[in-house]
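Novice: Quick one: sequence and predicted model below, then my questions.
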Amino acid sequence: MQRSPLITIGLLLLIGLQPVPVRAETLKTPLNLPKPLTTQDFRPFDEARAKIGQQLFYDKILSGNRNIACATCHHHELASGDGLSLGIGEGGRGLGPERKPGAGQSAATRRIQRNAPALFNLGAKEFTVLFHDGRLSLDENDHKGFNSPAIEFIPDGLQSLLAAQAVFPLVSEVEMAGHADENEVAGARNRRIDYAWRIIEERIRNISSYADEFTAAFPDIKHRTDIKIHHIANALDDFMNSEWRTPQSAFDRYLRGEKTALNQQQLAGMQLFYGKASCFQCHSGTLQTDHKFYSLGLPQFGPGRTRQFDFKARDMGRINESDRREDAYRFRTPSLRNVSATAPYGHNGAYKNLRKMIEHHLNPQKALRQWTPEQLILPLFTKVSSGDFLIQQDKQEQQRLLRSIDITPVALQSYEIDALEAFLETLTDPYSLQGRLGVPPRVGSGLVEQSKLQQAHVIEK
Ligand code: HEC
Ligand code: HEC
């Protein structure tokens, strides 16, 4: 049968319009791929202490006004973050996208300055610097081993960097401590940072179940009065270290030799990540971070994290810690494990969309011009919202931000960005999202930060 020329042209056009399947190339030089994640990459932990830490992590008793727990901002159901660009701390109500500033005298007064990061793999030995600006780090020259905002008042006996980190949210006014006139913890903190920790350890000592569990788990605790803030922090460390590890990602399986763990598009994305797109230059190593600091020039909004004598609502990042001009607007390269589950992205959660976050890297100038607040997940906060975007009208400030950018633009086709996104999804370990121990069934004080599911259950009953 003779086919009409029109139909032939039509068919050819149709074939031409079919999306070309992205295939990984055969490479001449092998990619510089990292080693897969293994148990040896982590510090050891103690099971009994991890279980105490699991309760403490969800227990509001650790906060000044007994109204917020670590889990409020780092929840199992929100991939160990809070699902918000900038969260609401002490005084707020609700979880995740439903969180509100609260009402009356006890309501929250400010937004949290930065995005609450996910806590995956933080027990890995390679972490020697924490926080978006690296203001807490291991320091061989310090007699207690840490460079921290608490200087010489940092408690003795902290077993690791992650344990040292755990004592800071407790004394942060906006995160957990509250205001000085509201409770004894915040009042003590204003006199001297370590006085607040003494009050918190006293609260824990006075709860019988904690007293028994701590005595059983720590050989140096003979009596409840021996419980100190460093035991609380070390238990939180054993919990976080063991809870959120991601060795079962498809990428790790691929690196361990399971060649079918990644499909063609994901392989093409991997080749871009470790090749032409240059992502690996900063997102290097097993956890996709070099632990160093760069400026990507993310759009600014919110309260900022102002330095002394600086009245602009801006966050200049690493310079706060290092005092070096070149560090202005630099932030730590985050690990990309589970990244497809940890939106919003960046130190202030400027992008809720992973693709947009990747595109920002490829051309920050253009992305800054095109950015709109629709990219945020920012709870309504009437008291402060009029100031949220003022900084963007400050022309000089915007110029400074643009001049600070460290990243070199890379030109990629849309299908290549698709492939990069597909590769990033292979960094997700679905088991790790649930956590190892999960949400505790109960906490020592009874003041549990509930999970949304549990709340729904309570309402049903
Ligand atoms: C009100 C929300 C909030 C609460 C409550 C909170 N955090 Fe965070 N957490 C944050 C934010 C925001 C950051 C990032 C701060 C920064 O980098 O300047 C952070 C950072 C961290 C980090 C560092 C992660 C990294 O990659 O550097 C750890 C670990 C952590 N929190 C654990 C805890 C623990 C343990 C508790 C309870 C004792 C807690 N958090 C309570 C919001 C919160
Ligand atoms: C010059 C170093 C550098 C390069 C190159 C780089 N990144 Fe980043 N990346 C960063 C830094 C720094 C941040 C955090 C910036 C901030 O918070 O202000 C980041 C953040 C991210 C985030 C958000 C993660 C989170 O949890 O918030 C993603 C996703 C990401 N990068 C992917 C990529 C991809 C994909 C590439 C390659 C196209 C790439 N990066 C190249 C330094 C880099």
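Specialist: Yep, that arrived. Ligands and ions are numbered 1, 2, ... in the order given.
Novice: and Met240, what does it touch?
Specialist: Counting by CB atoms under 8 Å, 6 or more residues apart in numbering, Met240 touches 53, 57, 119, 122-123, 162, 166. Placement of C-beta: from N, CA and C, glycine included.
Novice: List phi and psi for the closest residue to ligand 1 within the stretch 351-461 of the chain.
Specialist: Nearest to ligand 1, among the residues of the stretch 351-461 of the chain, is Glu449, at 9.0 Å (CB to the nearest ligand atom). For Glu449, the backbone dihedrals (degrees, to the nearest 10) come out as phi -80, psi 110.
Novice: So the residue most central in space within the chain: helix, strand or coil?
Specialist: Geometric centre of the chain, nearest residue: Pro117, 1.2 Å, by CA atoms, centre = their mean. Classification of Pro117 by DSSP: H, G, I helix; E, B strand; the rest coil places it in coil.
Novice: wait, it sits on Gly81?
Specialist: Yes. Assessed by CB atoms under 8 Å, Pro117 is found in contact with Gly81 at 6.5 Å.
Novice: Overlap of the contact sets of the two?
Specialist: Thr342.
Novice: quick one on the thing from earlier: next, the residue nearest to the centre of the chain: phi, psi?
Specialist: Torsion angles, degrees, to the nearest 10, at Pro117: phi -70, psi 160.
Novice: Check Lys461 and give its pLDDT.
Specialist: The model reports Lys461 with a pLDDT of 31.
Novice: To clarify, my last question referred to Leu31.
Specialist: Looking at Leu31, the pLDDT reads 87.
Novice: since we're on the nearest residue to it once chain neighbours are set aside, how many residues are nearby?
Specialist: Spatially, and ignoring its direct neighbours in sequence, Leu31 is nearest to Tyr274 (4.3 Å; CB to CB, 6 or more residues apart in numbering). For Tyr274, the neighbour count with other CB atoms under 10 Å is 21.
Novice: thought Tyr274 was touching Asn32?
Specialist: Yes. Under the criterion of CB under 8 Å, Tyr274 makes contact with Asn32 at 5.9 Å.
Novice: Need the residues touching each of these two.
Specialist: Contacts common to Tyr274 and Asn32, judged by CB under 8 Å, 6+ apart, are Phe280.
Novice: which one among the contacts of Met240 gets closest to Asp238?
Specialist: Closest to Asp238 out of the contacts of Met240 is Gly53 (5.3 Å), distances taken as CB to CB.
Novice: Quick check: which element contains the closest one?
Specialist: Using DSSP states H and E, Gly53 sits within helix 47-58.
Novice: elements contacting that helix?
Specialist: Applying 3 or more CB pairs under 8 Å, 6 or more residues apart in numbering; DSSP states H and E, we find helix 47-58 packed against helix 70-73, helix 208-217, helix 229-243.
Novice: Those helices into JSON lines, with extra columns for mean pLDDT?
Specialist: Shown next, in JSON lines, are these (pLDDT from 0 to 100):
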{"stretch": "helix 70-73", "mean pLDDT": "98"}
{"stretch": "helix 208-217", "mean pLDDT": "98"}
{"stretch": "helix 229-243", "mean pLDDT": "98"}
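Novice: Bridged to Ala124, which residues?
Specialist: Under DSSP bridges, the beta-bridge partners of Ala124 are Phe42.
Novice: Tell me which residues touch it, please.
Specialist: Contact partners of Ala124, counting by CB under 8 Å, 6+ apart, are 37, 41-43, 286-287.
Novice: residue in the stretch 51-200 of the chain nearest to ligand 2?
Specialist: Counting by CB to the nearest ligand atom, the stretch 51-200 of the chain gets nearest ligand 2 through His132, at 6.1 Å.
Novice: Skip the chain neighbours and tell me the closest residue to that residue.
Specialist: His347 (4.1 Å).
Novice: quick check, the one you found in a helix?
Specialist: No. The assignment for His347 is coil, going by three-state DSSP, so no helix is present there.
Novice: mind showing which ranges of this protein have poor pLDDT?
Specialist: For the chain, the stretches with pLDDT under 70 are 1-21, 452-461.
Novice: domain ranges for it?
Specialist: Domain assignment of the chain by automatic domain parsing yields the ranges 42-81+117-245+435-460, 250-430.
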